[in-house]
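Q: The following block contains a protein sequence and its predicted model.
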Amino acid sequence: MKILVMILIAYLLGSIPTGLWIGKFFYHTNLREHGSGNTGTTNTFRVLGAKAGMITFIIDMLKGTLAALLPLIFGVTGVSPILIGLFAIIGHTFPLFAQFKGGKAVATSAGVLLGFAPLFLLFLVVVFVITLYLYSMISLSSVVAASVAVVSVLIFPAFGFLLPHYDLLFTLVIILIAGIIIVRHKDNITRIKVHKENLVPWGLNLSHQEQKKN
């Protein structure tokens, strides 16, 4: 019964549409009608500014962290925190409170890893930042980090690097999370291919996307 309660709480936590609510309540702006139309961190930064974007990122990340910590909070040892965290990611992607149209799962996924495998998350953050500097695209950085996560969970345990041993459930969940992130970025990938993707005002833009930096 406790496991079902944790799954429900995790999903409801993930379903909180942070950027959408911040936009409506504090800026009188519907994010769905501006920018990319997405309610996640990147579009919040672009439409509402750095303060709103940072708050959205922190809250969306903490949704995942809190979900991953629910087994510890409830004193349940028979279920993996990464599995409970997965339901927060599902909630963020298909939120009950926003017509099941949510974000791209990057921040909440990072939050889950923060609560379960922080060193592994740190490694992926480094990958993300390096890619962002080289190509100036949050979307590409997210896709690359997700792809590297999959390769890493398959290889690192063999060398005891960051991940001390193979964990089948962790591996499967990481592959699933990465799949969600990549699929949610399919429109971005299409724009990248034609050099029309949105840029951030930082980095080298090595792929020479043509759109002006915001």
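A: Perfect, thanks for sending it.
Q: For the helix or strand containing Pro71, name the packing helices and strands.
A: Using DSSP states H and E, Pro71 maps to helix 50-74. Helix 50-74 sits against helix 2-14, helix 18-26, helix 41-48, helix 81-93, helix 106-116, with contacts defined as 3 or more Cβ pairs under 8 Å, 6 or more residues apart in numbering; DSSP states H and E. (Glycine included, C-beta is placed from N, CA and C.)
Q: Show the average pLDDT along that helix.
A: Mean pLDDT, helix 50-74: 96.
Q: before we move on, back to that, make CSV from the helices and strands packed on helix 50-74 and add distance to Met137 to it.
A: Below are the helices and strands packed on helix 50-74 laid out as CSV (distance: least, Cβ to Cβ, whole Å):
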stretch, distance to Met137
helix 2-14, 25
helix 18-26, 19
helix 41-48, 10
helix 81-93, 21
helix 106-116, 13
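Q: quick one, which of those is nearest to Asn198?
A: helix 41-48 (7.3 Å; Cβ to Cβ).
Q: coming back round to it: out of the helices and strands packed on helix 50-74, point me to the one whose mean pLDDT is lowest.
A: Among these, helix 41-48 scores lowest, with a mean of 92.
Q: still on that earlier bit, Met61: which of the helices and strands packed on helix 50-74 is closest?
A: helix 106-116 (3.8 Å).
Q: Quick check: phi and psi on Ile174?
A: phi -60, psi -40 (degrees, to the nearest 10).
Q: Please identify which helix or strand holds the closest residue in space to it that isn't next to it in sequence.
A: Once flanking residues are discounted, Ile174 sits nearest to Val153: 4.8 Å by Cβ to Cβ, 6 or more residues apart in numbering. Using DSSP H and E, Val153 maps to helix 138-159.
Q: Now that helix: buried residues?
A: 138-146, 148-150, 152-153, 156-157 (16 or more other Cβ atoms under 10 Å).
Q: circling back: tell me the angle the helix holding Pro71 makes with helix 106-116.
A: Using axes from the mean of the first three to the mean of the last three Cα atoms, to 10 degrees, one finds that helix 50-74 and helix 106-116 are set 40 degrees apart in direction.
Q: Give the other helices and strands that the helix holding Val153 contacts.
A: Counting by 3+ Cβ pairs under 8 Å, 6+ apart, helix 138-159 packs on helix 118-135, helix 168-184, helix 186-193.
Q: For the residue lying closest to Glu210 once chain neighbours are set aside, give me phi and psi.
A: Distances taken as Cβ to Cβ, 6+ apart put His195 closest to Glu210, at 5.0 Å, once the chain neighbours are dropped. Main-chain dihedrals, His195, degrees, to the nearest 10: phi 60, psi 40.
Q: number of nearby residues for His195?
A: Using other Cβ atoms under 10 Å, the number of residues around His195 comes to 12.
Q: Surely Lys101 is in contact with Thr93?
A: No: if you go by Cβ atoms under 8 Å, Lys101 and Thr93 don't touch, sitting 9.2 Å apart.
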